[in-house]
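Trainee: have a look at this prediction, sequence included:
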Amino acid sequence: MLDVRKTVTDQGVRVVTERMDSVRSVATGFWFETGSRDESPAESGISHFLEHMMFKGTKRRSALRIAREIEQVGGFLNAFTSKEVTAYYAHLLDDYHRMAVDTLADMMSESTFAEKMVQREQGVILEEISSYEDQPDDVCHEDFTKLMYGDHSLGRPVLGTRETVSSFTQEDLIKYWSTHYIPERAVVAAAGAVDHDKLVKMVERKLKLQSHNNGLPSRELPDPVRERDFLRRKEIVQAHMCLGTRGLSYHDKRRYAFFVLNTVLGSGMSSRLFQRIRERNGLCYSIYSFHEAYSDNGMFGIYTGLEEKQVKRAEAMIRAELRKLVETPLGKTELKRSKAQLKGALTLGLENVSARMNRLARMEIYLKKYTPLDELLDGIDSVTADEIQELAADLFRDENLSVSYVLPANGK
């Protein structure tokens with residue numbers, strides 16, 4: 001039996017839960033509607049830096065105690081920062097749920113941001129940036145994002161730059177925390193063996209955030225894409241390519257058709273791109289399509305890694321597959337098969353309580369309502385071949401497509 005409930009505390013924090021009677025664990029996340037999109041150029045990377053600092057000690061807990069407290073009972077504690085949200089989450093047995101909530105609330109409310117820890121963490125994040133720069137596929141994705149969004153904050157890396165990260169002070173972090181970590185932007189989500197009423201009471205007692213009545217972040221739409229290609233050379237062996245366009249927002253009514261389209265094109269070994277580029281022509285090892293949905297827009301792309309001499313040939317094949325989706329409607333068999341694949345993957349993914357917590361929080365943040373799984377599956381079933389073809393025609397115009405390349409430094 002599944003039981004989904006929502007309560008807004010007197011402070012304004014939204015608490016959403018999904019009780020699952022068949023499990024003995026609870027996944028709990030403290031989510032904030034703020035991310036790298038909400039940073040000024042000088043603040044680039046501060047949301048991610050702040051995420052790191054939340055683990056470095058509070059008035060009651062040392063960094064070591066935070067690290068040990070959840071792990072010593074077999075639990076898992078982590079966090080992430082994205083373009084529009086920052087989340088801190090724990091997954092552990094229900095017997096220790098109170099401890100997890102106390103720890104997370106303490107981190108969110110009472111972190112000290114000690115100056116010596118700020119300086120130490122700058123070194124850690126600079127190493128994280130270096131690690132990222134050593135991964136050419138990550139660099140290719142980041143270059144593609146920059147093509148899509150230019151100088152808009154969505155186009156900047158979540159990690160920030162070496163210059164901005166090196167400049168952050170304790171005062172900068174406290175100011176950003178007090179401005180963005182406010183009740184109106186906070187969602188506490190939990191799934192599994194959770195007692196909704198007890199969680200609400202714990203959040204009301206333990207999560208102490210300052211309200212400035214500035215509500216949700218004010219976000220501007222990015223300008224239209226101006227650049228169509230970007231090439232970077234690095235000391236690598238394999239070439240990397242991302243090709244794509246602006247996609248759909250969380251709110252777009254065509255999202256079900258988009259889910260099916262993405263499955264047909266580049267999700268799994270049976271997808272059109274995998275079959276043509278890898279299986280029939282042997283041009284690559286990895287190829288897939290991906291999409292990022294935001295509150296007011298989105299991004300869609302196709303990634304592949306291959307020999308530099310095969311890049312143009314593979315690119316031509318990818319563009320041909322996009323045109324095929326525009327020119328020819330899906331047959332009944334492929335449409336049915338793709339829907340079944342998508343529905344199966346979604347359903348299997350939600351057998352994990354952490355995935356359910358994640359979905360619950362994102363629905364509250366982006367849709368302001370809970371969508372039952374059955375409704376989502378019905379939406380997928382309702383998609384027609386004509387809807388997919390119309391969407392492909394809108395997205396995959398040649399003039400809309402951009403491509404980023406990361407090629408070997410000794411190439412030609």
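Mentor: All right, it came through fine.

Trainee: could you list the low-pLDDT ranges of the stretch 151-300 of the chain?
Mentor: Within the stretch 151-300 of the chain, the segments meeting pLDDT under 70 span 213-214.

Trainee: which residue ranges of it form strands?
Mentor: Ranges of strands in the stretch 151-300 of the chain, per DSSP state E, counting those that start in this stretch, are 186-192, 229-234, 239-247, 284-293, 298-306.

Trainee: tell me the contacts of the residue nearest the centre of the chain?
Mentor: Nearest residue to the geometric centre of the chain (Cα atoms, centre = their mean): residue 82, 5.6 Å. Going by Cβ atoms under 8 Å, 6 or more residues apart in numbering, residue 82 touches 35-36, 158. In short, each C-beta sits where N, CA and C put it, glycine included.

Trainee: can I get those residues in a markdown table including distance to residue 178?
Mentor: Output for those, formatted as a markdown table (distance: Cβ to Cβ, whole Å):
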| residue | distance to residue 178 |
| --- | --- |
| 35 | 17 |
| 36 | 18 |
| 158 | 21 |
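
Trainee: wait, which of those is closest to residue 187?
Mentor: Of all these, residue 187 sits closest to residue 35, with 13.5 Å by Cβ to Cβ.

Trainee: where's the closest one relative to residue 67, distance?
Mentor: Per Cβ to Cβ, to the nearest Å, residue 35 is found 24 Å from residue 67.

Trainee: and if you look at residue 6?
Mentor: 32 Å.

Trainee: neighbour count for these two, which is higher?
Mentor: Ranked by neighbour count (other Cβ atoms under 10 Å), residue 6 and residue 67 place residue 6 first, with 17 against 14.

Trainee: three-state assignment of the more buried one?
Mentor: Using DSSP: H, G, I helix; E, B strand; the rest coil, the structure places residue 6 in strand.

Trainee: mind listing the residues bridging to the residue nearest to it when sequence neighbours are not counted?
Mentor: Closest residue to residue 6 apart from its sequence neighbours, by Cβ to Cβ, 6 or more residues apart in numbering: residue 16 at 4.8 Å. Counting by DSSP bridges, residue 16 is bridged to residue 6, residue 189.

Trainee: now, of the strands of the stretch 151-300 of the chain, which is deepest in the fold?
Mentor: Across the strands of the stretch 151-300 of the chain, the average number of neighbours (mean count of other Cβ atoms under 10 Å) peaks for strand 186-192, which reaches a mean of 26.

Trainee: show residues contacting that strand.
Mentor: 12-20, 23-33, 94, 97, 108, 199, 203, 207, 209, 353-354, 356-358, 360-361, 364-365.

Trainee: how about stretch 87-95?
Mentor: Stretch 87-95 has contacts (Cβ under 8 Å, 6+ apart) with 24-32, 51, 54, 70, 73-80, 100, 103-104, 107-108, 192-194, 353-354, 357, 361.

Trainee: thinking again about what came up before, residues touching the residue nearest to residue 6, list them.
Mentor: Contacts of residue 16 (Cβ under 8 Å, 6+ apart): 4-6, 187-190, 360-361, 364, 370.

Trainee: let me have those in CSV, extended by distance to residue 141.
Mentor: Below are the contacts of residue 16 laid out as CSV (distance: Cβ to Cβ, whole Å):
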residue, distance to residue 141
4, 34
5, 37
6, 35
187, 27
188, 31
189, 27
190, 31
360, 27
361, 24
364, 28
370, 31
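
Trainee: which one among these gets closest to residue 215?
Mentor: residue 187 (14.0 Å).

Trainee: what's the nearest residue to the closest one if we skip its chain neighbours?
Mentor: Of all residues not flanking residue 187 in the chain, residue 31 sits nearest, at 4.3 Å (Cβ to Cβ, 6+ apart).

Trainee: likewise residue 60?
Mentor: The shortest distance from residue 60 to any non-neighbouring residue, by Cβ to Cβ, 6+ apart, is to residue 106 (6.0 Å).

Trainee: got it, and residue 174?
Mentor: Closest to residue 174 by Cβ to Cβ, 6+ apart is residue 113, at 5.8 Å.

Trainee: ok, the one you found - how many residues close by?
Mentor: Other residues within reach of residue 113 by the criterion other Cβ under 10 Å amount to 20.

Trainee: where's it relative to residue 194, distance?
Mentor: 30 Å.

Trainee: before we move on, the earlier item: nearest to residue 154, of the strands of the stretch 151-300 of the chain?
Mentor: Nearest of those to residue 154, taken as Cβ to Cβ: strand 298-306 at 8.3 Å.

Trainee: let me see the domain layout of this structure.
Mentor: Structural domains assigned to the chain are 2-206, 229-408, following automatic domain parsing.

Trainee: ok, and what's touching the helix or strand hosting residue 388?
Mentor: With secondary structure defined by DSSP states H and E, residue 388 is part of helix 385-395. For helix 385-395, the surrounding residues in contact (Cβ under 8 Å, 6+ apart) are 245-247, 254, 257-258, 260-261, 264, 300, 322, 325-326, 328-332, 335.

Trainee: list phi and psi for residue 78.
Mentor: Backbone torsions for residue 78, taken as degrees, to the nearest 10, come to phi -160, psi -180.

Trainee: so for residue 384, what pLDDT did the model give?
Mentor: As summarised for this prediction, residue 384 has a pLDDT of 98.

Trainee: which SS state does residue 87 fall under?
Mentor: Once three-state DSSP is applied, residue 87 turns out strand.

Trainee: residue contacts, the closest residue to it other than its chain neighbours?
Mentor: Distances taken as Cβ to Cβ, 6+ apart put residue 31 closest to residue 87, at 4.6 Å, once the chain neighbours are dropped. For residue 31, the contacting residues are 85-88, 186-189, 361, 365, by Cβ under 8 Å, 6+ apart.

Trainee: isn't there a strand covering residue 31?
Mentor: Yes. Per three-state DSSP, residue 31 lies within a strand segment.

Trainee: so residue 176 sits against residue 43, correct?
Mentor: Yes. The pair residue 176 / residue 43 is scored as a contact, 6.9 Å apart, by Cβ atoms under 8 Å.

Trainee: may I have the distance across stretch 324-342, first residue to last?
Mentor: One end of stretch 324-342 sits 21 Å from the other (Cα to Cα, to the nearest Å).
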